Structure formats: C-alpha cells, structure tokens
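Undergrad: Here's a sequence, model it:
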Amino acid sequence: MDDRRLLQSDDGAERKHVAKIADEFFEGFEAVSDLAKPAVTIFGSARVREDSPYYEAAVDVGRRFAEAGFTVVTGGGPGIMEAANRGAREGGGLSVGFNIELPHEQGSNPYLDVNLTFRHFYARKTMFVKAAEGFVIFPGGFGTLDELFESLTLIQTGKVVHFPVVLFDSDYWEGLLLWARGRLLREGMISEEDVDLLYVSDDPAETVATVVAGYENRLNEQPPTSPAKADAQ
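TA: Predicted coordinates:
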C-alpha cells in the first residue's frame, strides 16, 4: 500500500512518493472538471445489502437527484454506494464512482458511467468535496463518519463554501446528534452555529430538495435553508 510505504518510509524516497500523490491529485481534478454540474456526493456503508431499507432509500435518493439534473458521486463500491449509483442510472443521470485500493479489494459496482480508482484516501476525499454541491450521509461506519466530520470541519473552518450536509435516517443518527447538541455544545467544544451545519431527514424527496435548495441559494449568493434543518431530537 502506497500510504503505508510513505508513512513508514526511511529510504529517502519521499520525493518519489510525493510526486505520485501529486499525479493522483491532478488525475482526480481532471476527472472532476469533466463531470456534468451540479453534483452531489452520497456516502454510506458498503455492508448494506440489497434487501435493506437503507439500500432502497439510497436508490430512491440517487434517482431523484438524477431527475433533478444532478450528477451522483459515490465511493464506487457496494452497499449504499451501489444503491445511489443504481438510482442515478435509473433516473437517467450521470453515475460516478471514486473507488479506493484496499488490502481486501473493494470492487466497483456495476452502475458506474465514470469510474476512477485512487491509491490515497486524501486525494479521493478531496475529489468528493471538489465535485459536490452537497453531501448526503446514509448510515455507515468509520469511513462514513470520517467523511461526515471531514466535511463539517472544512465548512466550519471556511476551507470550502458552505454546502448542505444531510444525515439520512434520523433514528440512526439520533445518538450522535444528542451527543453533539448535549455534551459538545454544553462544554463549549462546538458552537450553536456548528450544530446548524447539519440537516437531518427521513424523506428522499426532502433530502434532495435540501441539496437542490442549497445549490440554488449558492447561485443567488444566499445561505442554504431547508425544512430538513436538524431540529433538536
């Protein structure tokens, strides 16, 4: 794995490793520049099966985004990623997968119009943000949480323009939201404005409308607003 070799490197080959990373960034930026705009990035667990309600909802969300004229970008693998790409394909939109090389290879799902595989997580994560007018976060594990908090940190610190981050399925995310609005806010680890960066929805139509509204408001240079704003649980 390139990342492991770089982080453990003591062979003086860092310049070669950095050059490879730069090449991967450039390849990713070229791919993103060729995508039809606007686009949304959808995250969620690779372990979700086709008979799961999460899978069905992700197909619905992907289809609705395609019908709204959005390119759908995912991590290109199975589970939620496959479902969202499948929905995009069914909705007649552009379906994109930014995959990642893993020790146990994550195969690409069969619903991709554009398929690019990265060696480095940080290059891949940059492209998710670069491509998107919004994030939709379905239930998932560590990788999904990583993408969630990365997006919130970038928005919080002004590194990217504020775009909607929608958590799908309020029941799944309830504990996280209670913790954020409880202990984190109470102890001053985050501010009230930080909590307001999150939206939550159980409805595919509302989820899509939230991101579409954010995009339209950006075009009009207004802050995003939505009925899916995450109210206190």
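
Undergrad: for this structure, what's the longest helix?
TA: helix 14-33 (DSSP state H).

Undergrad: Which positions in that helix come out as buried?
TA: 17, 21, 24, 25, 28, 31, 32 (16 or more other C-beta atoms under 10 Å). Just so you know, the C-beta spots here come from the backbone N, C-alpha and C atoms, and that holds for glycine as well.

Undergrad: Next SSE downstream of it?
TA: Later in the chain than helix 14-33, the nearest helix or strand by DSSP states H and E is strand 39-43.

Undergrad: Not counting its own residues, what contacts the helix or strand following that next one?
TA: Next helix or strand after strand 39-43 toward the C-terminus (DSSP H and E): helix 53-67. Applying C-beta atoms under 8 Å, 6 or more residues apart in numbering, the contact partners of helix 53-67 are 40, 42, 44-45, 48-49, 72, 79-80, 82-95, 136, 138-139, 168-169, 204-205, 207-208, 211.

Undergrad: Just send the buried residues of helix 14-33 back as a markdown table, with distance to residue 108 and pLDDT too.
TA: As requested, the buried residues of helix 14-33 are exported to a markdown table (distance: C-beta to C-beta, whole Å; pLDDT from 0 to 100):
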| residue | distance to residue 108 | pLDDT |
| --- | --- | --- |
| 17 | 25 | 75 |
| 21 | 22 | 80 |
| 24 | 17 | 77 |
| 25 | 21 | 78 |
| 28 | 16 | 75 |
| 31 | 14 | 78 |
| 32 | 18 | 77 |
